[in-house]
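**Student:** Everything below, folded, please.
(chains A, B and C)
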Amino acid sequence: MALETNFFERVYEVVRQIPKGKVSSYGAIAKSVGAAKSARMVGYAMNSAKDLEDVPAHRVVNRNGLLTGKSHFGDHGAMQQMLEEEGVPVKDLKVQDFQKHFWDPIKHLK
DNA sequence: ATCTTGACAGACG
DNA sequence: TCGTCTGCCAAGA
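**Tutor:** Predicted structure coming up:
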């Protein structure tokens, strides 16, 4: 049962646990769900997740801390603004002190 | 069933 | 340091 979007569900679950004012990377999430080599799938899952309010996709960025998916949001810049409002400084679509605001899903799950 | 695309990441030159 | 290619895996056409 439930084997259609099992992978996506895992991703959603992790992203959902990202605390406010924190961000995570696709690779870290991919690993946390057991698909380290499928970081792209995480982003792909996010594409569907962005429709879900339960999944703060705006808190998920690439390993560079770059808001690569901001284009997928309704308004360009909305993602950046949201993060800044949550306490995550973003400059030029990039998370400042990314490592400082980085939230490790594996550390939280395990 | 096959080919192309893609919110990444790591390796290579 | 920077630009480019490959690997990875799932979904859509």
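
**Student:** A:Glu9 in helix, strand or coil?
**Tutor:** Classification of A:Glu9 by DSSP: H, G, I helix; E, B strand; the rest coil places it in helix.

**Student:** Report the separation between it and A:Arg59.
**Tutor:** Here the distance between A:Glu9 and A:Arg59 works out to 18 Å (C-beta to C-beta, to the nearest Å). Using the backbone N, CA and C atoms, a C-beta is placed for each residue, glycine as well.

**Student:** Which one of these two is surrounded by more residues?
**Tutor:** Using other C-beta atoms under 10 Å as the criterion, A:Glu9 and A:Arg59 rank with A:Arg59 on top: 23 against 13.

**Student:** wouldn't the more buried one be in contact with A:Ser25 here?
**Tutor:** No. The criterion here is C-beta atoms under 8 Å, and A:Arg59 misses it with A:Ser25 at 10.5 Å.

**Student:** May I have the residues that are in contact with A:Leu67?
**Tutor:** Contact partners of A:Leu67, counting by C-beta atoms under 8 Å, 6 or more residues apart in numbering, are A:His58, A:Val61, A:Met79, A:Gln80, A:Leu83, A:Val90, A:Leu93, A:Lys94, A:Val95.

**Student:** What's the separation between it and DNA strand B?
**Tutor:** Plainly put, A:Leu67 is 7 Å away from DNA strand B if you go by C-beta to the nearest atom of the strand, to the nearest Å.

**Student:** Quick check, pLDDT for that residue.
**Tutor:** Looking at A:Leu67, its pLDDT is 92.

**Student:** likewise A:Glu4?
**Tutor:** We have a pLDDT of 47 for A:Glu4.

**Student:** how far away is A:Gly69 from A:Asp104?
**Tutor:** 20 Å.

**Student:** and the two? which has more neighbours close in?
**Tutor:** Neighbours were tallied for A:Gly69 and for A:Asp104 using other C-beta under 10 Å; the higher tally belongs to A:Gly69 (18 against 15).

**Student:** And the helices in chain A, which stretches?
**Tutor:** Using DSSP state H, the helices of chain A run over A:6-16, A:26-32, A:39-49, A:78-86, A:98-101, A:105-109.
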